[in-house]
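[1] my questions concern the predicted model and sequence given below.
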Amino acid sequence: MASMADTAIHGGQERNARSWGAVLATYRGPSAFRSVWEIIVTVLPFVCLWALAALAAVNGWWWGLLLTIPAAGFLVRLFVLQHDCGHGSLFARRRANDWTGRFIGVLTLTPYDYWRRTHAVHHATAGNLDQRGIGDVETLTVREYRARPWPGRVRYRLYRHPAVMFGLGPAWLFICQYRVPFGLMRAGAQPWISTIATNLSVTVLAAVLIWSIGIGPFLMVQLPITLMAATAGVWLFYVQHQFEETHWSGKQDWEFQHAALHGSSHYELPAMLRWFTGNIGIHHVHHLSSKVPFYRLPRILRDHPELREIGRITFLDSLRCVKLVLWDEEARRLVSFRDAKAASVA
């Protein structure tokens with residue numbers, strides 16, 4: 001029997017996490033015209049902003065480098081388009097999704113086929129304490145943290161420090177880590193082909209741009225765009241699952257639909273930020289039905305307002321999520337290091 005935590009109320013009736021699958025299936029099926037339009041209104045502004053910022057750098061118009069800020073926003077949106085390709089939700093045909101995702105991956109520095117496989121693991125295991133390690137933010141339980149020797153605890157504290165998680169981490173992930181298929185290095189040729197092909201394509205594109213405008217202007221434009229977009233992307237992924245009332249459970253109790261609905265947040269952002277982030281904040285719905293195109297997610301909330309409050313966090317709420325670093329299996333919530341220490345003393 002579904003618990004109250006599993007249910008949402010609609011028209012006087014309770015609907016559990018499992019039953020949402022059939023409801024959300026009606027929103028699947030992308031519109032080719034809409035998807036192409038979304039690509040055009042994202043790629044063209046990104047290219048234009050990049051070119052204008054480069055022109056400013058070449059001529060010493062330093063104020064023009066402010067254009068890297070909106071350019072980074074469009075790069076985040078490009079990643080969301082690539083993300084939908086990986087789920088097969090941007091186009092009806094897999095080939096169209098895959099080749100679109102591969103081309104966008106050159107701009108986002110993300111090898112598409114490799115990333116698609118790791119992200120599929122994330123979706124299949126999100127919230128499962130017995131299947132952590134690929135495509136997610138490392139999360140220890142309070143018990144696991146206490147059992148680690150002090151070097152292990154220090155390492156975890158450093159990993160979870162905001163300067164690492166949202167500073168060094170995003171730069172390492174997109175500039176260095178994605179150059180090699182970590183986690184899938186023994187999973188056949190495809191991850192290697194994906195990373196190598198992306199690396200070569202990025203190298204060729206960078207070489208052409210450096211030849212055109214010089215290495216100095218290139219770095220002045222590309223580095224801030226990449227770093228800002230990478231930080232924003234990691235932040236979004238973090239708050240989508242690292243919030244106080246998220247869901248984690250052992251394999252025996254884990255259920256995909258419940259983990260999707262309650263282990264993913266509804267990150268409610270202002271309209272402009274929702275556009276730039278491709279509605280990815282409606283993450284609990286996305287995890288329940290990843291085949292729904294990103295541009296249909298707001299319509300689902302309009303049609304089914306009971307989904308709005310499940311896992312809802314505002315921007316201010318999300319700032320408080322940074323300190324939540326350990327899963328308390330007894331309280332069934334994420335807690336801070338300070339909370340875990342206080343509980344051990346009590």
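    Looks like it came in fine.
[2] my reading is that Gly135 lies in a strand. Confirm?
    No - Gly135: not assigned to a strand; according to DSSP: H, G, I helix; E, B strand; the rest coil it is coil.
[3] read off the pLDDT value for Asn16.
    Model confidence at Asn16, expressed as pLDDT, equals 67.
[4] helices along the stretch 151-300 of the chain, start to end?
    Along the stretch 151-300 of the chain, the segments classed as helices by DSSP state H, counting those that start in this stretch run 162-163, 169-171, 189-213, 215-241, 256-262, 271-276, 283-288, 297-303.
[5] which outside residues touch the shortest one?
    The contact list for helix 162-163 (C-beta atoms under 8 Å, 6 or more residues apart in numbering) reads Val322. For the C-beta atoms, the positions are set from N, CA and C on the backbone; glycine is no exception.
[6] make CSV from the helices of the stretch 151-300 of the chain and add mean neighbour count and mean pLDDT to it.
    What follows is the helices of the stretch 151-300 of the chain, written out as CSV (neighbours: other C-beta atoms under 10 Å; pLDDT from 0 to 100):
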stretch, mean neighbour count, mean pLDDT
helix 162-163, 10, 96
helix 169-171, 20, 96
helix 189-213, 15, 97
helix 215-241, 19, 97
helix 256-262, 21, 90
helix 271-276, 14, 96
helix 283-288, 24, 95
helix 297-303, 15, 96
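[7] which one of these lies nearest to Lys341?
    Of all those, helix 162-163 sits nearest to Lys341, with 18.8 Å by C-beta to C-beta.
[8] nearest to Leu129, of the helices of the stretch 151-300 of the chain?
    helix 256-262 (10.5 Å).
[9] return that closest one as PDB; C-alpha atoms alone will do.
    In PDB, the C-alpha atoms belonging to helix 256-262 read as follows (Å, rounded to 0.1, in the frame of the first residue of the first chain):
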ATOM      1  CA  PHE A 256      12.400   3.600  -9.200                       C
ATOM      2  CA  GLN A 257       9.200   5.600  -9.300                       C
ATOM      3  CA  HIS A 258       9.300   6.600  -5.600                       C
ATOM      4  CA  ALA A 259      13.000   7.500  -5.800                       C
ATOM      5  CA  ALA A 260      12.400   9.500  -9.000                       C
ATOM      6  CA  LEU A 261       9.500  11.500  -7.500                       C
ATOM      7  CA  HIS A 262      10.900  12.100  -4.100                       C
END
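[10] which strands or helices does it pack on?
    Packing contacts for helix 256-262, counted by 3 or more C-beta pairs under 8 Å, 6 or more residues apart in numbering; DSSP states H and E, involve helix 20-24, helix 283-288.
[11] may I see those organised as a markdown table, with distance to Asp328 added?
    What follows is the helices and strands packed on helix 256-262, written out as a markdown table (distance: least, C-beta to C-beta, whole Å):
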| stretch | distance to Asp328 |
| --- | --- |
| helix 20-24 | 27 |
| helix 283-288 | 21 |
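[12] burial count for Ala124?
    With neighbours defined by other C-beta atoms under 10 Å, the count for Ala124 comes to 12.
[13] quick one: contacts for it?
    Residues near Ala124 by C-beta under 8 Å, 6+ apart: Phe256.
[14] report the buried residues of the helix or strand that contains it.
    According to DSSP states H and E, Ala124 maps onto helix 112-125. For helix 112-125, burial by neighbour count (16 or more other C-beta atoms under 10 Å) applies to 112-119, 121, 123, 125.
[15] list the contacts of Ala92.
    29-30, 32.
[16] quick one: stretch 337-346 to chain centroid distance?
    31 Å (C-alpha atoms, centre = their mean, to the nearest Å).
[17] returning to what we had before: how about the helices and strands packed on helix 256-262, which one is nearest Pro298?
    helix 283-288 (9.7 Å).
[18] please save the CA atoms from that closest one in CSV.
    Extracted as CSV, the C-alpha positions of helix 283-288 are listed here (Å, rounded to 0.1, in the frame of the first residue of the first chain):
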residue,chain,number,x,y,z
HIS,A,283,13.6,17.5,-12.2
HIS,A,284,11.2,15.2,-10.3
VAL,A,285,9.0,15.0,-13.3
HIS,A,286,11.9,14.5,-15.6
HIS,A,287,13.2,11.6,-13.6
LEU,A,288,9.7,10.0,-13.6
